[in-house]
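[1] here's a sequence, model it:
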Amino acid sequence: MSPNASDDLNLAKKTLFEEKLSLAVAKNGKLLFRSKSHGVSDLLAMIEDLGQLSEGASLADSIVGRAAALLCAYSKIVAVYGANMSEGAMSVLKTNGIKCEHGTIVPRILNREKNDICPFDKAVTGIEDPRIALDRLKSVRLG
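    The predicted structure is shown next:
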């Protein structure tokens, strides 16, 4: 990871907290994307908006589950901070060579009612390929 990526991750984290965002993406000292929407839809919007510009960027997210981690791998993000991160997300990030930092580690990300696994994480259970995960998550979002 380049020294820039570490600075970019710090910028993304600072912006996430100061602006009370759910997602911030930085690259080369500039913010590329920010969102206040929750769930994986903000990551899907980032992929649509940035395309290949996300390659080499750093990302800070309020919640990072396996689905989010797979989308980060698909986007070629190099560093991720999750204020709340699941154990499965950490595993996906490490497997894909993505630097990760976190606040709270949780066994799994739950749905809004807190009575089941997040529907996006459930949709990518057993999936390791980021491209397959992206297709599955797009269909869940539209579903």
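[2] for the rest of this, base every contact and every neighbour count on C-alpha atoms.
    Fine.
[3] quick one: contacts for the nearest residue to V64 once chain neighbours are set aside?
    Excluding the flanking residues, the one nearest V64 by C-alpha to C-alpha, 6 or more residues apart in numbering is M85, at 4.7 Å. Applying C-alpha atoms under 8 Å, 6 or more residues apart in numbering to M85 gives the contacts 63-65, 102-106, 109.
[4] contacting residues around the longest helix seen in the chain?
    Counting by DSSP state H, the longest helix found in the chain is helix 3-18. Outside of helix 3-18, the residues within contact range by C-alpha under 8 Å, 6+ apart are 21-31, 56-62, 78-81.
[5] helix or strand: which one has the closest residue to L93 other than its chain neighbours?
    Of all residues not flanking L93 in the chain, A69 sits nearest, at 5.9 Å (C-alpha to C-alpha, 6+ apart). Secondary structure assigned from DSSP states H and E places A69 in helix 66-74.
[6] any idea how far that helix is from the chain center?
    6 Å (C-alpha atoms, centre = their mean, to the nearest Å).
[7] what's it packed up against?
    If you count contacts as 3 or more C-alpha pairs under 8 Å, 6 or more residues apart in numbering; DSSP states H and E, helix 66-74 packs onto helix 41-50, helix 87-95, helix 119-123, helix 130-142.
[8] pick the most deeply packed of the ones you listed.
    Among those, the stretch with the highest mean neighbour count (mean count of other C-alpha atoms under 10 Å) is helix 119-123, at a mean of 20.
[9] show residues contacting the helix holding A69.
    40, 43-44, 80, 86, 88-90, 92-93, 96, 98, 120-121, 124, 128-131, 133-134, 137.
[10] so S75 touches L50, yeah?
    No. Using C-alpha atoms under 8 Å, S75 makes no contact with L50, being 9.2 Å away.
[11] what residues does stretch 100-108 touch?
    When contacts are defined by C-alpha under 8 Å, 6+ apart, stretch 100-108 is touched by residues 65, 79-88, 90, 93-94, 117.
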